[in-house]
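> predicted model and sequence follow; I will ask about them next.
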Amino acid sequence: MKMEDNTMVKEEDLEKAEVDAISTAAKHVANMLQRPDQLERVEQYRRRVARKKASVEARLKTAVQSQLDGVKTGLGQLGTALEDVQEVQKQLNEVEDTYKKCHDLNEKLKEVKAVGARHSQLASAVENLKHIFTVPETVEETQMLINENKLLRAHKLLTDLETSRDDLLHEMHKLPSPSPTDNALLRHYFADVGKLSDSMAKQLWYSISRALSMVRKDPTMLVTALRIIEREERTDKEMLQRQKITGFLPPGRPKKWRETCFKTLEVSVATRIEGHLPETRDLNKMWLVRHLEITRKYVLEDLRVVKVMFQQCFPPDYNIFQRMVSMYHNALSVHLQELISDELESNEIISLLMWYNSYESEELMGNHELEIDTSQLTPLLTEETTAKLQQQYLKTLYKNVTSWTTNALNKDVNDWQQDTEPEADGDGYYLTQLPVIVFQIIWEHLEVAALVSPRLKLRVVDLLLECVLRFTEQYQEAITAYKGTHFEDRSGSLFFTAYMIAIINNCLAFKEYTQQLKSKHLATDENASRESKIKAVIDQFTGIGKRSCHYLLDEVFTDLEPHLKGLVTRQWVTSDTAVDTICVTIEDYCRDYVHLKQHFFVELMVEAEKRVTVEYIMAMIGRRISFKNYEDRKTCAEKVQKEAGQMVQLFSKLAPSQEKSPCEVLKVMAEVIKLQDTAFLSLELSGLVKDYPDIQPEHIQALLALRGDVSRSEARQLANEVLGDEAERARKPAPPPGGMFAQITMQPTMPLMRKN
């Protein structure tokens, strides 16, 4: 049925192909005969188609003939194969019949097998007889050859001895019931063979341990040692293979001399690295730098020798270069761990970390001559070890920097007591070397840390900023103590002003160095905590500078104290001595202040002007004098205005400023005193309160008391009128800090006091 179906399908396919062919031919003819003139070429077209048809039929016949020849050849080969298979089957049947007939042959040949075994033992004994009888002499000769370094000949004799021993022991092992006594006797007789093997091994390991130096001078001994090792390695494999079959393994096998060769090389490498430690910390502070550099040079040179010469001596399957690279890498790792365990100092830790960072560079493992794939190397030190090492460095660094800055400060403090002026820079500004010394320490450690890693540098920045913050506290304490000692005995420090000026200039230098640190090392850093520390350091030095300016002014105002007490008194009314002396004294001190840098000089003058003004205000409201009539008040007010102008002129000359002078308040207060009609006092006081919102009711009452024509109740009423009652004042916003009246506190039992 299937064949019939296939036949029908094929007939349908042929009919369909014929129809398609006719259709295609019709289209082709239609394309060729589209114009009348093409009818003339019909005969030409017919001949062309006939030629094509004949060509196609010829090719088709050739293809069919070729396929028929192939089928014929295949059928012939299949017939031959069938005959061969039948012949093989016939022979297998014959073999099977023969095997069945040999079933009892094993029992019949038992005696023959026993005789064969005895013959084999006798043959082995005969073969080794000459070695057995000459064992002592051979052992002695072999030992002599080993001592003379004639290792190949010695190994040949040793191999003969071992072969004789092993063959005899093997024959005894094959006996059904071997005699333990005979076995022990035989082992004892050949005992010196094992000693010879050990002696040979000792000589080999000596050569292997000196391979790096030996290969440079005469590689013959190294090659000899390696040939012997390879022979023993092959013998080990043969003996182990025989053990799987017979269960017998000769004494001392496997020797594993190749494995021992690698271990010897490892020990040799470790010894070479540890042997490059010629100095200690006690003899040379740079001992570790020297040791690491020597180690780098030796390791690089050794690996070059291995790359060029070792590979010619060692068998290729040893992969000796990669093995030696691994050995040096592991030995260096162990050696660095040992160095780290010895509690290194901070500079030594940095030296080690820098060497560690350059390990895979061109200077060592990354050298182009070695062609080592450093990405395949395991880390020389673990991340945990490097983290601990860096932490140890930071801990030691903090201790050292703190000690160094403290020592530098103590030396600077001692210099303050000298009987000579401090040094001056090219512009004549006093200074000491303290900022340079402190930041020199900082620059050095930051540059060194940057060589290790950017991350370590940032950690060092954080630590150094903490050290500087701690230093600012010590600096402030030292300055405060210096000031206190001076004011206890002003004759003891002849150059107090000069050194305070140097200290203030130092604060400006400290600020500038801190800004340099930020711009140079933290330009791209956006860490808020680090930014906060930088600001804290700058603020600390700014504060120290300002407080030191106050200490300078304390010196001035100590001299001015008698004259300040003489202000707004009966004697003051008729004399200009007090203010003239104050102005002359300040101007005199300013001759020393020319050594103060402009930034703090201006700040000092501003503070001096404020303090003089405050002292003058305190004199005016201190109830030192009161007036009985308008003429006295007018005279006093005009004198206050005149002296206020005198002081404004002085400070404008010393430190010109666009800001309103603090002394201007004296003129406003003088107007309050000078006012003849008390009805306008409220208006005048309102202007005073508007310009100086930190003024308090007590200040106004004391100022009005100076007039002498306003009662206490009226003064209180006026103060409440311009300032409001207590509840109103509480609701008002607080005045800006730093006002002059805020520095003056009025108390019931005391006329007034100045806030420090």
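That came through fine. Remember, predicted model here, so these are calculated numbers, not experimental data.
> I figured Ser209 hits Ala270, correct?
No: with contact defined as CB atoms under 8 Å, Ser209 does not count as touching Ala270 (11.1 Å). C-beta: built from backbone N, CA, C; applies to glycine.
> as a check, name the ranges of all strands in the stretch 651-756 of the chain.
Counting by DSSP state E, counting those that start in this stretch, the stretch 651-756 of the chain has strands at residues 744-745, 753-754.
> weakest of these in terms of mean pLDDT?
In terms of mean pLDDT, the lowest-scoring of the strands of the stretch 651-756 of the chain is strand 753-754 (a mean of 46).
> where does the stretch 101-250 of the chain have low pLDDT?
103-133, 176-179, 182 (pLDDT under 70).
> quick one: residues contacting Val648.
Taking CB atoms under 8 Å, 6 or more residues apart in numbering, we find Val648 in contact with Ser661, Cys663, Glu664.
> among those, which ones are buried?
The neighbour-count criterion (16 or more other CB atoms under 10 Å) marks Ser661, Cys663 among the contacts of Val648 as buried.
> can you put the contacts of Val648 in a markdown table and add distance to Glu57 and pLDDT?
Shown next, in a markdown table, are those (distance: CB to CB, whole Å; pLDDT from 0 to 100):
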| residue | distance to Glu57 | pLDDT |
| --- | --- | --- |
| Ser661 | 127 | 86 |
| Cys663 | 131 | 88 |
| Glu664 | 129 | 88 |
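> can you put the contacts of Val648 in a markdown table and add distance to Asp198?
Output for the contacts of Val648, formatted as a markdown table (distance: CB to CB, whole Å):
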| residue | distance to Asp198 |
| --- | --- |
| Ser661 | 104 |
| Cys663 | 106 |
| Glu664 | 108 |
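> Three-state assignment for His595, please.
coil (DSSP: H, G, I helix; E, B strand; the rest coil).
> from here on, call the first residue 849.
Yep, numbering from 849; the last one is His1443 now.
> next, count neighbours for it.
By other CB atoms under 10 Å, 22 other residues sit near His1443.
> quick one, what contacts the residue nearest to it when sequence neighbours are not counted?
The shortest distance from His1443 to any non-neighbouring residue, by CB to CB, 6 or more residues apart in numbering, is to Tyr1278 (4.4 Å). Contacts for Tyr1278 (CB under 8 Å, 6+ apart) come out as Glu1269, Pro1270, Glu1271, Ala1272, Ala1346, Tyr1347, Ile1349, Ala1350, Asn1353, His1443, Leu1444.
> let's see that with 10 Å instead.
By CB atoms under 10 Å, 6 or more residues apart in numbering, the contact list for Tyr1278 reads 1269-1272, 1343, 1345-1354, 1440, 1442-1445.
> just the ones of those in strands?
Glu1271, Ala1272 (DSSP state E).
> filter the contacts of Tyr1278 down to the buried ones, ChimeraX style.
Here is the ChimeraX command that selects the buried residues among the contacts of Tyr1278 (16+ other CB under 10 Å):
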select :1270,1343,1345,1346,1347,1348,1349,1350,1351,1352,1353,1354,1440,1443,1444,1445
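> find the residue at the geometric middle of the chain.
Ser1301 (3.5 Å; CA atoms, centre = their mean).
> mind listing what the closest residue to that residue other than its chain neighbours touches?
Distance criterion CB to CB, 6+ apart; nearest residue to Ser1301, sequence neighbours excluded, is Asn1205 at 7.0 Å. The contact partners of Asn1205, taken as CB under 10 Å, 6+ apart, are Thr1234, Leu1299, Val1300, Ser1301, Leu1304.
> farthest-apart pair in those, please.
Thr1234 and Leu1299 (14.8 Å; CB to CB).
> looking at the two, which is more packed in?
It is Thr1234, of Thr1234 and Leu1299, that has more neighbours when counted by other CB under 10 Å, with 20 against 13.
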